[in-house]
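1. Sequence and predicted structure are below.
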Amino acid sequence: MPPESSSHTTDIPKQVIRISPLAYIGCAFLLFAVSFPIFGWPAAFGWLVVAPILAAAWVARVRTTVTPEGLHVRRLVGGRALSWSEITGFRFPKRGWARATLTDGGEVALPVVTFDRLPQLAAASGGRIPDPYAAAAADAEQAPDPTSDGEDPDKNQPRTDGG
């Protein structure tokens, strides 16, 4: 039996990156839009009712889950589990979702993962993925102020509190 987790153990939470639930509003608008041709000529356009159903299923199903063990990618049909040992890096194209580069030379698209989701990936990966935002913030914190000449400006000010 594994020991129970306590406040002293670091438990890295999994991150589920999915499409916003607000996308269901778009599915409702799509249903409204296709209802006009469906009610106008049901025999010819009745199949259009499938489009909003597929869109809602896509919003509900598509996601990328990041765990300490690896990535779990789910698409509308099918999915794939990737361990961290299979992944050599990530590529972020200008358009579209991020891609995981694999050791065998292939790539796997990571649904809903974009460059702005990188802090979530870094937090859930347990340090396997570096967070460029945190690194930039740490560099900015340690860099000297280019407008000063290394002196403390408060030291050179006259005291006005009478002391």
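-> Great, that's in hand. Residues are numbered from 1 along each chain as shown.

2. make it CA atoms for all contacts and neighbour counts henceforth
-> Noted.

3. just for this protein, where's the confidence low?
-> 1-12, 143-163 (pLDDT under 70).

4. okay, which residue is most central for it?
-> Arg117 (3.2 Å; C-alpha atoms, centre = their mean).

5. Distance of that residue relative to Gly126?
-> Going from Arg117 to Gly126 by C-alpha to C-alpha, to the nearest Å gives 15 Å.

6. Let me see the ranges of the strands in this structure.
-> 15-18, 63-66, 70-74, 79-83, 87-91, 99-102, 107-109 (DSSP state E).

7. got CSV for these, with distance to Ala43 too?
-> Converted to CSV, those look like this (distance: least, C-alpha to C-alpha, whole Å):
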stretch, distance to Ala43
strand 15-18, 36
strand 63-66, 36
strand 70-74, 35
strand 79-83, 35
strand 87-91, 46
strand 99-102, 42
strand 107-109, 38
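
8. Buried deepest among those strands, which one?
-> Highest mean neighbour count of the strands of the chain: strand 63-66, a mean of 22 (counted as mean count of other C-alpha atoms under 10 Å).

9. Next one: Ala100 relative to Ala81, how far apart?
-> Ala100 is 12 Å from Ala81, by C-alpha to C-alpha.

10. Tell me how many other residues surround the nearest residue to Ser20 once chain neighbours are set aside.
-> Of all residues not flanking Ser20 in the chain, Val59 sits nearest, at 7.9 Å (C-alpha to C-alpha, 6 or more residues apart in numbering). Val59 has 19 neighbours, counted by other C-alpha atoms under 10 Å.
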